[in-house]
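In: here is my input, please return the structure:
(2 chains)
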Amino acid sequence: MNKKAVIFTIDAVLAIIIAGIMLSAAYFYISYEYGSGDGQQNLHKISLDVLSALEKDGALQNSVNTGSASSISTFLNALPLQICSNITIYDNSSRIKLSAQKQGCNITQPVFSRRVFVSGNFSAYYAEAKLDFS
Amino acid sequence: MTKIIQKSKNGKKGILFTITTIVLLLSLYLLAEAFMERNKEFGSIMSNSVFGDKFKYIEDDVISGSYRDLLDIKFEGISRTSTFSINFDQFVLSPLRDYDSYIKSYETLVENKYSSLNNINVTLTGFNTSFILMPYNSTFEIHSKNLTVRTMPASTNYISSITAYIKVNGTFSCNDIACADQSDADNEACEAPGNDPAGNPAITITWEDTTGFTCLRSRNADPAEDNDKGNGRQFYVSLLNAGNAEVKYGQVDGINGVFRITAMDLQANATQLDLSYALINDRIIIKGGDLAIKSELGNTTKQMEIILYKE
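Out: Below you'll find the predicted structure:
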C-alpha cells in the first residue's frame, strides 16, 4: 500500500512537472515578441510626424528666423499627456541654435529623429526630436 | 477474477488519460510554436516596412522644398491651351546671394552629419542650382548674377513666347536724368533688339524701377541669331545709379535658344517669368538631381530622381 502511494505520488509529481514545462514553453512562445519595441516604434513614428508638421508649418524656419522657440513649445505642449518631448535645432556645424521642451516632464529613455530644413537666410539646419513616454 | 478484470480496465483508462493529456499538451506546445513563427514573419515584414517608411521620410525630408527654399523660387504652375505654359513668380538675382554655396552647404549637411545621425548614407548627385523641364528638356540655371534658360538642347525650337516682368532696385534713366513720368519712362528707359520676322518667338520684357515706373518692350527674336552682349541686340534698361540689367534671347555663348537675365551690381527680381511652348502631349515633369539612400543596417539602397513637379 505504501509502495503504491509512493508510485502514485511520483507519477503525479512527474505529470505536474511535464505539464508545467509544456505550459511554460507555450507561454514563452506566445509572449515572445510582445515587448516594449512596439511602443518605442510608435513613439518614433510620432516623432517623425512631429518634425514633419513643424517643418511644413514653417515653425522650424520661423524659430530660427526670429530666434525664438515659442511656436515649437506651443506645439509640444499640445501633444498628448503621455508624450514627453524635446526639439533642439542645430546649425550645419552642429552648434545648438534653439531648444524647446514640453513643460512638466522628464525624458529618460528617448527615441530620436531628425529633419533638415532651410531658414530664411538660406542656411541649412537640422532639428532633433527626442520623445519619451511620461 | 473480477478484481483482475477491474484492475486491467483501470490500467487502460489510465493509459488513455495519459495519452490524451500528452496529446493535448503537445497540441498546445505546437500551437504556441506556430504562433511564434508567425510572429517572427510578421516582425520581419514590419521591419522591412519600417525601412520603407524611413526611406520615404528621408526622401520627403531631403527633397521637399529644398530647391524652392535654397534658390528662393516661386513656381506658380503650368497651363495648357493652344500652347503649354510654365509660370514662375519669383527668381531673385542679387550680388548678396550665392546660390551655389547655399546648395553646397545643404548637400554637405545632408551627406555627412544628417546621414551619420540617422545611420544611413544619403548621396545627392547633380544637386545644383539647375533643374530641367521635361519633355522639352529646357534647363533653368540660376546664379547670383544671372538666370539662364536653355530652351534648345535639340535643334527643334518649341518656344512660342517668353514674358518676363523684372523689378530692379535702381532708378530709370531718361537721357541721363530721372524720368519725368511714366510716359517718359516707357519711351526712354529701356531698349530692345530689332524685330525679327513673325513666327519667331515673341519676347516681352517689362522693367520696373524703385519709383514704380515701368518700361515694356516686345520683339520677335530668332533663337539662332547671335544675341550676345556687345552687338546691341539685347533688351536692357537704363539706370541712373551703378549697376545694369539686361535680357538676351537667341544664340548666347554659342548655344541657340538661350534666354538669359543678367543683373550686375544690383538686385533684379523676376516676379513673372512665363514660357510658352508648342504643345507636346507628354506629361510635364520638373526634375532636379538624383537622390540615393542606403541603409547601413539592412544594406538596402533606394535610388530616385528628385522630382520637383509632376503633371
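In: quick one: residues contacting the closest residue to A:Ile30 other than its chain neighbours.
Out: Distances taken as C-beta to C-beta, 6 or more residues apart in numbering or on different chains place B:Ala32 nearest to A:Ile30, at 5.1 Å, with adjacent residues excluded. Any C-beta I mention is one placed from the backbone N, CA and C, and that applies to glycine too. Going by C-beta atoms under 8 Å, 6 or more residues apart in numbering or on different chains, B:Ala32 touches A:Ala25, A:Ala26, A:Tyr27, A:Phe28, A:Tyr29, A:Ile30.
In: tell me the SS of the third one?
Out: So that's A:Tyr27. What DSSP: H, G, I helix; E, B strand; the rest coil gives for A:Tyr27 is helix.
In: dump the residue contacts of it.
Out: Taking C-beta under 8 Å, 6+ apart, we find A:Tyr27 in contact with B:Ala32.
In: what pLDDT does it get?
Out: Here the pLDDT value assigned to A:Tyr27 is 78.
In: and chain A, which of its residues are near chain B?
Out: Within chain A, the positions near chain B by C-beta under 8 Å from any C-beta of the partner chain are A:15, A:18-19, A:22-23, A:25-30, A:32-33, A:41, A:45, A:48, A:52, A:55-56, A:61, A:92, A:94, A:112, A:114-118, A:122-124, A:126, A:128.
In: for chain A, give me the ranges with low pLDDT.
Out: A:1, A:31-37 (pLDDT under 70).
In: show me where it has strands.
Out: For chain A, strands defined by DSSP state E occupy the ranges A:83-91, A:96-101, A:111-118, A:124-133.
In: direction included, what does the longest one pair against?
Out: Spelled out, that is strand A:124-133. Here strand A:124-133 is paired, per DSSP bridges, with strand A:83-91 (antiparallel), strand A:111-118 (antiparallel).
In: circling back to that earlier point, any quick PyMOL command for the buried ones out of the contacts of B:Ala32?
Out: Selection of buried members from the contacts of B:Ala32 for PyMOL, criterion 16 or more other C-beta atoms under 10 Å in any protein chain shown:
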select buried, chain A and resi 26+29+30
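In: neighbours of B:Glu208, just the number please.
Out: Neighbour count for B:Glu208, taken as other C-beta atoms under 10 Å in any protein chain shown: 19.
In: please name the bridge partners of it.
Out: Beta-bridge partners for B:Glu208, by DSSP bridges, are B:Lys167, B:Thr214.
In: just the contacts of B:Ala32 now: which is nearest B:Ser295?
Out: A:Tyr29 (30.1 Å; C-beta to C-beta).
In: name the element the residue nearest to A:Ile30 belongs to?
Out: Using DSSP states H and E, B:Ala32 maps to helix B:2-63.
In: in terms of secondary structure, what does the next helix or strand after that helix contact?
Out: Helices and strands here follow DSSP H and E; after helix B:2-63, the next one along the chain is helix B:66-71. Counting contacts by 3 or more C-beta pairs under 8 Å, 6 or more residues apart in numbering or on different chains; DSSP states H and E, helix B:66-71 is packed against strand A:111-118, helix B:99-109.
In: make it 10 Å
Out: Helices and strands touching helix B:66-71, by 3 or more C-beta pairs under 10 Å, 6 or more residues apart in numbering or on different chains; DSSP states H and E, are strand A:111-118, strand A:124-133, strand B:74-80, helix B:99-109, strand B:130-134, strand B:138-142, strand B:285-295, strand B:301-310.
In: could I get those as CSV with distance to B:Ala270?
Out: Output for the helices and strands packed on helix B:66-71, formatted as CSV (distance: least, C-beta to C-beta, whole Å):
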stretch, distance to B:Ala270
strand A:111-118, 21
strand A:124-133, 25
strand B:74-80, 10
helix B:99-109, 14
strand B:130-134, 16
strand B:138-142, 10
strand B:285-295, 17
strand B:301-310, 18
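In: I'd like the ones you listed as CSV, with mean neighbour count and distance to B:Asp184 appended.
Out: Shown next, in CSV, are those (neighbours: other C-beta atoms under 10 Å in any protein chain shown; distance: least, C-beta to C-beta, whole Å):
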stretch, mean neighbour count, distance to B:Asp184
strand A:111-118, 22, 42
strand A:124-133, 22, 46
strand B:74-80, 13, 31
helix B:99-109, 19, 36
strand B:130-134, 20, 38
strand B:138-142, 20, 33
strand B:285-295, 18, 40
strand B:301-310, 14, 41
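In: which one, of those, ends up nearest to A:Phe75?
Out: Proximity to A:Phe75, assessed across these by C-beta to C-beta, is greatest for strand A:124-133 (10.9 Å).
In: now find how far off-centre the closest one is within its chain.
Out: Remark: strand A:124-133 is offset 12 Å from the chain centroid, using C-alpha atoms, centre = their mean, to the nearest Å.
In: now the angle between helix B:99-109 and it, please.
Out: Per axes from the mean of the first three to the mean of the last three C-alpha atoms, to 10 degrees, the angle that strand A:124-133 makes with helix B:99-109 is 30 degrees.
In: so what's B:Phe88 closest to, chain neighbours aside?
Out: Nearest residue to B:Phe88 in three dimensions, chain neighbours excluded: B:Leu273, at 4.4 Å (C-beta to C-beta, 6+ apart).
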